[in-house]
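> curious how this folds, go ahead:
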Amino acid sequence: MSAPDLVVLYEHPEWQKPLFSALERRGVSFEAFDLKTGAFDVDAAPRAPLYFNQASPSAYVRGHTRAVPLALSYMRTLETGGARVLNGSQAFALELSKSAQGSLCHKLGIAHPRSLAFNDVETALGRWGTWPALLKPEQGGSGARMYLLSEPDELRRLLRDRPELWEPDHLLLLQEYFPLPAAQGIVRMEYLGGELLYAMRVVSHGSFNLCPSEVCNPEEGEGHCAVPSLAAKEPVKPVEFHPYPEVPAEAVRDGARILREGGIDVGGIEYLEAEGGRRVFYDVNANSNLRPAIAQSFGFDPFERVVTFLQGHIEGRKRA
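As a prediction, this is how the structure comes out:
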């Protein structure tokens, strides 16, 4: 079998379908590597000049826990063998660690929520005194397993009654909570090759799952996301996504700095506007689910843009 020009590493059964369709329309020779049931030979030379990682930290909530360590090990092996992996091991390691994301923002002088990583409840409570607070998994994704807690005993009870919340890596975070007006929402910026693709405002109505995939949060009807809502109250309305052409230039620059320093080629950055208008960056996404309806309001198909970007890298690798 002839070698492809591109291999896409993926895990979610739906998220990559629009990308695969765009690659087929453009005649790109590619293979899809399913991380749910994968294997790789550590001595084998890379099959393609270019690999594109689309693994997600939230794989474990879909019963695909094994996909994440396979993805990270495979990418490190490919990179050692000389392959170019977009959103490679450095980017994926950052996406897997909310504590590392906070540390990166601190290094860059970018405002971010105060966070405490912990593996023991009482040790954490001995160092944390600000309530309410958000409980998050270190390896998050799609708003998985997030809770708004009002006092210390609530954390004790939750982790006593729900010990599975320690999975997959037995590391959790307590994070500073910023109450926001319901209609304000947060801002998500999508980047391609270090340049802003588009920005949007996302109004959650109480949900923590702000995944922009139309599979998870469709414009109409119910989504088919495996991540349940764990907000303080169940949302009464679907999550809303609105184009945001007025996104401040400084916010765009800060998002680009985070992605550049984190080694992310295609990704999304989320920030909120705290009291006084202060921008607080709180989430870094390397597996970026693009929302066609938003991009179309700016006059383009986002997946066509991604394919053009991938083709440029394929040609560059071939010339090299």
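> would residue 317 count as being in a helix?
Yes: secondary structure assignment places residue 317 in a helix (DSSP: H, G, I helix; E, B strand; the rest coil).
> what sits against the nearest residue to it once chain neighbours are set aside?
Beyond its immediate neighbours in the sequence, the residue positioned closest to residue 317 (Cβ to Cβ, 6 or more residues apart in numbering) is residue 49, lying 3.7 Å away. To be clear about C-beta, it is placed using only N, CA and C from the backbone, and glycine gets the same treatment. For residue 49, the residues meeting the contact criterion (Cβ atoms under 8 Å, 6 or more residues apart in numbering) are 5, 6, 83, 84, 314, 317, 318.
> could you dump the strand or helix carrying the fifth one to PDB, C-alpha only?
With secondary structure defined by DSSP states H and E, residue 314 is part of helix 302-319. Listed next in PDB are the C-alpha coordinates belonging to helix 302-319 (Å, rounded to 0.1, in the frame of the first residue of the first chain):
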ATOM      1  CA  PRO A 302     -13.000  26.700   8.400                       C
ATOM      2  CA  PHE A 303     -12.200  23.200   7.300                       C
ATOM      3  CA  GLU A 304     -11.100  24.400   3.800                       C
ATOM      4  CA  ARG A 305      -8.700  26.700   5.500                       C
ATOM      5  CA  VAL A 306      -7.300  23.900   7.600                       C
ATOM      6  CA  VAL A 307      -6.800  21.700   4.500                       C
ATOM      7  CA  THR A 308      -5.000  24.500   2.800                       C
ATOM      8  CA  PHE A 309      -2.800  24.900   5.800                       C
ATOM      9  CA  LEU A 310      -2.100  21.100   5.900                       C
ATOM     10  CA  GLN A 311      -1.300  21.100   2.100                       C
ATOM     11  CA  GLY A 312       1.200  23.800   2.600                       C
ATOM     12  CA  HIS A 313       3.000  21.800   5.300                       C
ATOM     13  CA  ILE A 314       2.900  18.600   3.100                       C
ATOM     14  CA  GLU A 315       4.500  20.400   0.200                       C
ATOM     15  CA  GLY A 316       7.100  22.000   2.500                       C
ATOM     16  CA  ARG A 317       8.000  18.600   4.000                       C
ATOM     17  CA  LYS A 318       8.300  17.100   0.500                       C
ATOM     18  CA  ARG A 319      10.600  19.900  -0.600                       C
END
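> which secondary structure elements does it contact?
Packed against helix 302-319, as judged by 3 or more Cβ pairs under 8 Å, 6 or more residues apart in numbering; DSSP states H and E, are the following elements: helix 17-25, strand 50-53, strand 84-86, strand 186-192, strand 195-203, helix 292-297.
> show me what the second one packs onto, helices and strands only.
Strand 50-53 sits against strand 6-10, helix 67-80, strand 84-86, helix 302-319, with contacts defined as 3+ Cβ pairs under 8 Å, 6+ apart.
> ok, now the shortest one?
Strand 84-86 makes packing contacts with strand 50-53, helix 67-80, helix 302-319 when contacts are defined by 3+ Cβ pairs under 8 Å, 6+ apart.
> same thing but 10 Å
Under the contact criterion of 3 or more Cβ pairs under 10 Å, 6 or more residues apart in numbering; DSSP states H and E, the helices and strands touching strand 84-86 comprise strand 6-10, strand 50-53, helix 67-80, helix 302-319.
> quick one, the helix holding residue 314 and helix 17-25 angle?
Helix 302-319 and helix 17-25 meet at an angle of 60 degrees, taking axes from the mean of the first three to the mean of the last three Cα atoms, to 10 degrees as the criterion.
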